[in-house]
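In: Quick one: sequence plus predicted model below, questions after.
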Amino acid sequence: MRLLLSTIGSRGEAQPVTALAVQLKELGNDVRVVAPPDFEDLVTGNGIGFTPVGPVLRTVTAVQPKPEDLGRLAEESVREQFRVVSQAAQGADVLVAGGALQHATRSVAESVGARYVYASFCANTLPSPHHAPPAMLGRVPVNGTPEENLAQWEQHRQLFAASREVLNAERAKLGLDPVDDVRDHIFGDAPWLAADPVLGPWPGPGELVQTGAWLIDDQRPLAPELDAFLAGGEPPIYFGLGSMRGAQDAAHHAIAAARELGRRVVLQQGWAGLRLADDAPDCIAIGEVNQQALFRRVAVVVHHGGAGTTTTAAAAGTPQVVLPHMYDQYYWGSQVERLNIGRSAAAVTTEVLAKALQLHEEAAEVGTQVRTDGAKVAAERLQRIAGVNRAN
């Protein structure tokens with residue numbers, strides 16, 4: 001059976017989509033991933049067919065677009081999605097949209113007669129009276145009463161309305177009727193939640209399919225230099241911002257705070273190109289790394305609050321400090337606080353690090369409860385869906 005998995009997000013969406021693709025391939029399916037060009041090596045390195053969509057994110061996110069350009073860029077993204085996904089989806093039995101702003105995938109599924117599944121990687125990206133929407137366009141909603149939360153979700157719905165015209169124009173080219181509610185069209189009637197039920201449970205209303213987080217079983221060894229550094233003293237503090245464009249001084253402040261506590265630092269450079277302030281032997285800068293292996297050997301994980309990094313740190317049983325920048329990251333910071341496995345903060349201070357260092361017992365306990373089979377659960381369910389679709 002043939003399945004197409006699509007995302008236009010950063011590594012926090014491309015990596016779980018790839019994890020699902022790997023599990024689907026192991027079940028004997030023909031699988032292809034559509035994702036930004038940045039993640040070709042990630043996808044093909046796991047033996048999965050790859051089709052690029054859109055520009056290189058690492059280059060695009062380095063420049064802050066002008067407000068007047070946002071509408072044009074959004075329209076270009078929708079048209080590009082329709083062009084690429086339409087070509088890649090021929091013969092597919094199931095199309096899966098992984099993450100936000102997947103304007104084309106459901107429409108293309110309709111046009112080729114395939115089943116459609118929308119998967120979210122965080123509970124607060126799906127409407128509920130029990131939480132506020134994720135941060136978008138610089139707005140950071142705050143949880144309130146159910147009525148207040150629903151009012152915020154209505155505002156969230158309106159953010160999608162700007163793309164209705166271009167979406168319907170592309171649907172017309174496929175011979176499809178127009179849609180009125182863009183957001184609910186994308187989410188579909190039965191969205192999935194690819195998040196760990198302990199770390200990010202669905203609060204309701206109603207039930208949905210919560211598979212657990214989609215994680216790649218990363219078997220890559222740590223670089224010899226990093227392995228030697230880790231073995232050369234007490235577990236260090238890890239600091240990394242993933243695909244966020246963090247300021248250099250954020251890393252320098254984190255290193256200073258760690259040093260005040262007598263701790264060494266592993267600094268992941270990430271898309272921000274973070275650099276060490278000096279060449280002292282108590283710090284090491286690294287690039288791409290097996291986080292699953294690394295996080296088990298550090299004292300605290302300081303990060304931006306992406307779904308994947310939060311889950312990997314939690315599964316490692318290591319306390320964390322979340323420095324949220326955008327979208328769902330504020331939610332993950334609140335969940336870390338709720339479970340008392342770390343802290344959420346605007347910046348790294350000695351006090352914040354000291355509090356996180358005291359939470360090893362709590363983090364270790366939660367680590368034993370985090371599921372690592374979410375991608376397999378989702379793959380097996382999709383296999384059944386694909387079989388039903390083919391039979392019909």
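Out: Right, received. Where do you want to start?
In: Check the gap between Leu174 and Ala109 for me.
Out: 11 Å (C-beta to C-beta, to the nearest Å). Placement of C-beta: from N, CA and C, glycine included.
In: Could you do Leu137 as well?
Out: 28 Å.
In: Show me which of the two is the more surrounded one.
Out: Ala109 (24 against 8; other C-beta atoms under 10 Å).
In: Number of residues surrounding Pro221?
Out: Neighbours of Pro221 (other C-beta under 10 Å): 9.
In: Quick one: residues contacting it.
Out: Neighbouring residues of Pro221 by C-beta atoms under 8 Å, 6 or more residues apart in numbering: Asp227, Asn290, Ala293.
In: Skipping its backbone neighbours, what lies nearest the last one in space?
Out: Looking back up the chat, that one is Ala293. Among residues not flanking Ala293 along the chain, Leu222 sits closest, at 5.6 Å (C-beta to C-beta, 6 or more residues apart in numbering).
In: What about that neighbour? Give its phi and psi, please.
Out: In terms of degrees, to the nearest 10, the main-chain angles of Leu222 are phi -70, psi 150.
In: try Ser120
Out: With angles defined as degrees, to the nearest 10, Ser120 sits at phi -100, psi 150.
In: What separation do you get for it and Ala195?
Out: Ser120 sits 8 Å away from Ala195, going by C-beta to C-beta.
In: More neighbours: which of those two?
Out: Neighbour count, other C-beta under 10 Å: between Ser120 and Ala195, Ala195 has more, with 32 against 25.
In: now Ala251, what's its secondary structure?
Out: Put simply, Ala251 is helix when judged by DSSP: H, G, I helix; E, B strand; the rest coil.
In: Quick check: the gap between it and Gln268.
Out: Noted for Ala251: a distance of 10 Å to Gln268, by C-beta to C-beta.
In: Check the contact lists of the two and give me the overlap.
Out: Common neighbours of Ala251 and Gln268 (C-beta under 8 Å, 6+ apart) are Phe239, Leu274.
In: higher neighbour count, those two?
Out: Using other C-beta under 10 Å as the criterion, Ala251 and Gln268 rank with Ala251 on top: 27 against 23.
In: low pLDDT regions in the stretch 101-250 of the chain?
Out: Residue ranges of the stretch 101-250 of the chain with pLDDT under 70: 245-247.
In: from what I can see Val336 touches Lys355, true?
Out: No. Val336 is beyond contact range of Lys355, at 11.8 Å (criterion: C-beta atoms under 8 Å).
In: who's in contact with Gly262?
Out: Residues in contact with Gly262 (C-beta under 8 Å, 6+ apart) are Glu234.
In: mind running it again at 10 Å?
Out: Gly233, Glu234, Asp282 (C-beta atoms under 10 Å, 6 or more residues apart in numbering).
In: For those, which entry has the maximal number of neighbours?
Out: Sorting those by how many neighbours each has (other C-beta under 10 Å) puts Asp282 first, at 16 neighbours.
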